[in-house]
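J.: got a predicted model here, sequence first, then my questions.
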Amino acid sequence: MEITGGVGGLCKLIKHYYSDVETKFKAELPKFPVILLIDNDKGANPVFGAIVGITKKRKPTGKEEFIHVTRNLYVVPTPRGLNVDSTKIEDFFQSTTREEKLSGKSFNLSDKPQEFDNTKHYGKAAFARDVVAKNASTLDFSGFDEILDRLVAVIADYASKHPTASVPGMRFNEREKLE
C-alpha cells in the first residue's frame, strides 16, 4: 500500500484503501472499523484533502468527532480545546511526561529546522520510543479520555450502520472495553 509514514503515508493509505475496498476486492464487510488517529494541526489538511478527493464529501474542518471515509475506514482527529486551533497527540500527555529529559536533551515538537537543535532536543520518534513506550506502565494517560471517547463513538457508529459486522455479544458503548 506504499505506506511510508507521516501524512503522505496516511494519504496513500486512504487513497489505496478506498480504491481497493470499493473496486478491487469483493469480500464480506469487516467486523471492526479501521481507525486512523491523526494530529489536528496543519498536517491534517492533506489528509482531509485526500478524504475529499476520493469520497467527494465536503472537506472536514477538524472539529468533527470522527470522519467516516468508506466502508469500515474512519479518521479521528485529535480533539481541539476551547480557543485551540490545533492539537497533536503529544499534547494529551501530562506536562511532566513531555518535560522528560533524554541524555540531557529536551523534547521539541517543532517542525521548523531553525527551532530544532539535535544537540539540545529530541523529537517525536524518541519521545514515543524512549519516553512513552519504556514508561507506559507508570504514565498517567488520563489526558486521553476525550480521544478514547471518540474511538468508542467510531465503534458505535460502525456497529449501528452494520449490525451484522460486529461480534455477537460484544457491546461497544462502554469506553472500558477499550481501556
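T.: On my side now, so go ahead.
J.: switch to C-alpha atoms for all contacts and neighbour counts from now on
T.: Noted.
J.: how much space separates the nearest residue to Lys57 once chain neighbours are set aside from Val7?
T.: Excluding the flanking residues, the one nearest Lys57 by CA to CA, 6 or more residues apart in numbering is Ile51, at 7.4 Å. The gap separating Ile51 from Val7 is 13 Å, by CA to CA, to the nearest Å.
J.: in terms of neighbours, single out the busier of these two.
T.: Between Ile51 and Val7, counting by other CA atoms under 10 Å, Ile51 is the more crowded of the two (24 against 17).
J.: okay, and that one sits in which element?
T.: Element membership for Ile51, per DSSP states H and E: helix 44-55.
J.: centre of the chain to the following helix or strand past that helix, how far?
T.: Using DSSP H and E, the helix or strand that follows helix 44-55 in sequence is strand 67-70. Taking CA atoms, centre = their mean, to the nearest Å, one finds the center of strand 67-70 at 13 Å from the center of the full chain.
J.: which strands and helices sit next to strand 67-70?
T.: Helices and strands touching strand 67-70, by 3 or more CA pairs under 8 Å, 6 or more residues apart in numbering; DSSP states H and E, are helix 44-55, strand 73-77.
J.: domain-wise, how is the protein divided?
T.: 6-82+142-177, 94-138 (automatic domain parsing).
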